[in-house]
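In: quick one: sequence plus predicted model below, questions after.
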Amino acid sequence: QTEIYGKGALMGITPSVTTDPRLLEEQARRSMGLRSFNYVAGGAGEKATMDSNRLAFRQWKLIPRMMRNMDDQDVTVELFGQKYDNPLIMAPVGIQGIFHEDKETGLAEVCAEVGVPYTMSTASTCPIEDVAAANQDGKRWYQLYWPQDNDITLSLLQRAKANGFSVLVITLDTWSLAWRPADLDNAYIPFVKGTGCQVGFSDPVFRAKFQKESGTTVEEDVVGAARAWIGDVFSSRPHTWDDLAFVRQHWDGPIVLKGIQHVDDARKALESGCDGIVVSNHGGRQVDGAIGSLDVLPEIVDAVGSRMTVLFDSGVRTGVDVIKALCLGAKAVMVGRPVIYGLGIEGRHGARQVFQGLLADLWQSMGLSGIRSVAECNRRQMRRVQHAG
Ligand code: FNR
């Protein structure tokens, strides 16, 4: 952190990806293709929930402590019995091939370098095996968009397990595509096809099923395959709590449910024997008008936090945001859009810079707040202050 700051502020050797969170989106807009930028920046409806995610952070203010011995400052965390270098997790983000040619494999490699677990999306443009190879020295989690077809689910779980993915994250909030104006304007399938990216098509069970049903191969009919894949995964029919038993039976590692916003669902997740949850509204991409993610974190932590691992995402833009979520009881925090903007701007080099900036800010701001470790993050370090307007 002193290296980045020393080089930049003192010697004028500034990072090529801005460290100013307010300027990052603008830099990405200028650097990325407009359609892929719109896909990242887009949200549901009029993006009211995206705004709420940020407003929720603004209402919490840290109360720094002074004259504490910071020699042993430590940002490591333990999650599901494993030690992690810091409390950041790369959020699952689909179709990374449309943002930069470095795609999932490049980002997975960077995550290993910076000590952040890479959560691979089911909607990836690279196969599970390639991502694992790029992330050999890292920690990797697998995010499941839960297919209706159990054979495809099983194939994905088995491949993830065989390739060293340790934690399964099941995303619950995207059982149907949301009303996202930017995606409609983008004409999604032709756009993704135009980039040469294939989503999820590498799964052998899906490929065999598609060929049997359509009489053509995935390569011969990419649009048809995309429609079949989307039809199965985003089928407009949610799985229900009873269905979890099937996944439990076929996954022996930790299971984390992503997209929990209601305290009663957090309790259900606990009763269902899950190991963790991600309090998340998918970055405001699903239900516009849904409550800011941070606004529901405290009540969920109070209800289940002592008995399961509560993780958080949606709206994290700075190291200070990470501290705030930790102080409200999250055990670690997923970061999405900022890293993807970095990837879009300069590939793996850009993503690395965003992580380094976030980690430096986290370290410095924790230190200056007199918080020595993640375990010391608690609500007494903050106060909610609502300013009018
Ligand atoms: C996502 N997100 C997501 N989540 C998931 O479970 N599987 C996925 O494939 C995707 N894909 C995806 C694409 C893009 C472009 C974005 C921006 C987000 C949601 C993601 O994991 C996370 O919940 C949000 O990114 C958090 O919001 P912020 O902090 O990025 O605004």
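Out: That came in fine, so what should we check first? Residues are numbered from 1 along each chain as shown.

In: what residues does the stretch 101-250 of the chain put near the ligand?
Out: Neighbours of the ligand within the stretch 101-250 of the chain, by Cβ under 6 Å from any ligand atom: S121, A123, Q143, T171. All C-beta spots, glycine's among them, are computed from the backbone N, C-alpha and C.

In: between those, which is closest to D203?
Out: Nearest to D203 among these, counting by Cβ to Cβ, is A123 at 11.7 Å.

In: next, find the distance separating Q82 from P181.
Out: The spacing between Q82 and P181, counted by Cβ to Cβ, to the nearest Å, is 40 Å.

In: between those two, point out the one with more neighbours.
Out: Per other Cβ atoms under 10 Å, whichever of Q82 and P181 has more neighbours is P181, with 15 against 12.

In: contacting residues for that one?
Out: With contact taken as Cβ atoms under 8 Å, 6 or more residues apart in numbering, P181 is in contact with G42, G45.

In: please enumerate the strands of this protein.
Out: 60-62, 77-79, 82-84, 88-90, 118-120, 140-144, 165-171, 255-260, 276-279, 309-312, 332-335, 382-384 (DSSP state E).

In: quick revisit: tell me which two of the residues of the stretch 101-250 of the chain next to the ligand sit farthest apart.
Out: So, these by Cβ to Cβ: farthest apart are A123 and T171, at 9.8 Å.

In: what is in contact with these two at once?
Out: With Cβ under 8 Å, 6+ apart, A123 and T171 have common neighbours Y145.

In: what segments of the stretch 1-150 of the chain are helices?
Out: Along the stretch 1-150 of the chain, counting by DSSP state H, counting those that start in this stretch, helices occupy 2-5, 21-31, 34-41, 48-58, 103-114, 128-134, 150-162.

In: most tightly packed of those helices?
Out: When the helices of the stretch 1-150 of the chain are scored by mean count of other Cβ atoms under 10 Å, the highest mean neighbour count falls to helix 103-114 (a mean of 23).

In: name the residues that touch that one?
Out: Residues outside helix 103-114 that contact it (Cβ under 8 Å, 6+ apart) are 85, 90, 96-97, 100, 117-118, 120-121, 124-126, 130-131, 133-140, 197, 339, 343, 347-348, 351-352, 355-356, 359.

In: and if you look at stretch 381-389?
Out: By Cβ under 8 Å, 6+ apart, the residues outside stretch 381-389 that reach it are Q59, W60, K61, L62, I63, R65, I323, K324, C327, L328, S369, I371.

In: returning to that earlier point: in a markdown table: the residues of the stretch 101-250 of the chain next to the ligand, plus neighbour count.
Out: Shown next, in a markdown table, are these (neighbours: other Cβ atoms under 10 Å):
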| residue | neighbour count |
| --- | --- |
| S121 | 22 |
| A123 | 21 |
| Q143 | 24 |
| T171 | 23 |
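
In: thinking again about what came up before, just send the strands of the chain back as TSV, with mean pLDDT too.
Out: Putting the strands of the chain into TSV (pLDDT from 0 to 100) gives the following:
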stretch	mean pLDDT
strand 60-62	98
strand 77-79	98
strand 82-84	98
strand 88-90	99
strand 118-120	99
strand 140-144	98
strand 165-171	98
strand 255-260	98
strand 276-279	99
strand 309-312	99
strand 332-335	98
strand 382-384	98
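
In: for the stretch 251-389 of the chain, which spans come out with low pLDDT?
Out: Where the stretch 251-389 of the chain drops to pLDDT under 70, the residues are 389.

In: enumerate the residues of it near the ligand.
Out: K258, S280, H282, G283, R285, D313, S314, G315, V316, G336, R337, I340.

In: max pairwise distance over the residues you listed: which two?
Out: K258 and I340 (16.8 Å).

In: show me which of the contacts of helix 103-114 are buried.
Out: Neighbour-count burial (16 or more other Cβ atoms under 10 Å) applied to these gives 90, 96-97, 100, 117-118, 120-121, 124-126, 130-131, 134-135, 138-140, 197, 339, 343, 347-348, 351-352, 355-356, 359.

In: burial measure for R207, as a count.
Out: As a measure of burial, R207 has 17 neighbours, counting by other Cβ under 10 Å.

In: is it in contact with G200, as I believe?
Out: No. Look at R207 against G200 with Cβ atoms under 8 Å: they stay out of range, at 10.0 Å.

In: now for the closest residue to the ligand within the stretch 151-300 of the chain, how many residues are close by?
Out: Of all residues in the stretch 151-300 of the chain, G283 sits closest to the ligand, at 2.3 Å by Cβ to the nearest ligand atom. Neighbour count of G283, defined by other Cβ under 10 Å: 23.

In: contacts only, for it.
Out: Here G283 is in contact with G43, M50, N53, A91, D313, S314, G315, G336, R337 (criterion: Cβ under 8 Å, 6+ apart).

In: could you find the closest non-adjacent residue to the last one?
Out: Same thing as R337. Closest residue to R337 apart from its sequence neighbours, by Cβ to Cβ, 6 or more residues apart in numbering: V40 at 5.8 Å.

In: look up how far D51 lies from that neighbour.
Out: For V40 relative to D51 (Cβ to Cβ), the value is 16 Å.

In: can you check Y39 too?
Out: 19 Å.

In: center of this structure - which residue?
Out: A91 (1.4 Å; Cα atoms, centre = their mean).

In: many thanks, we can stop here.
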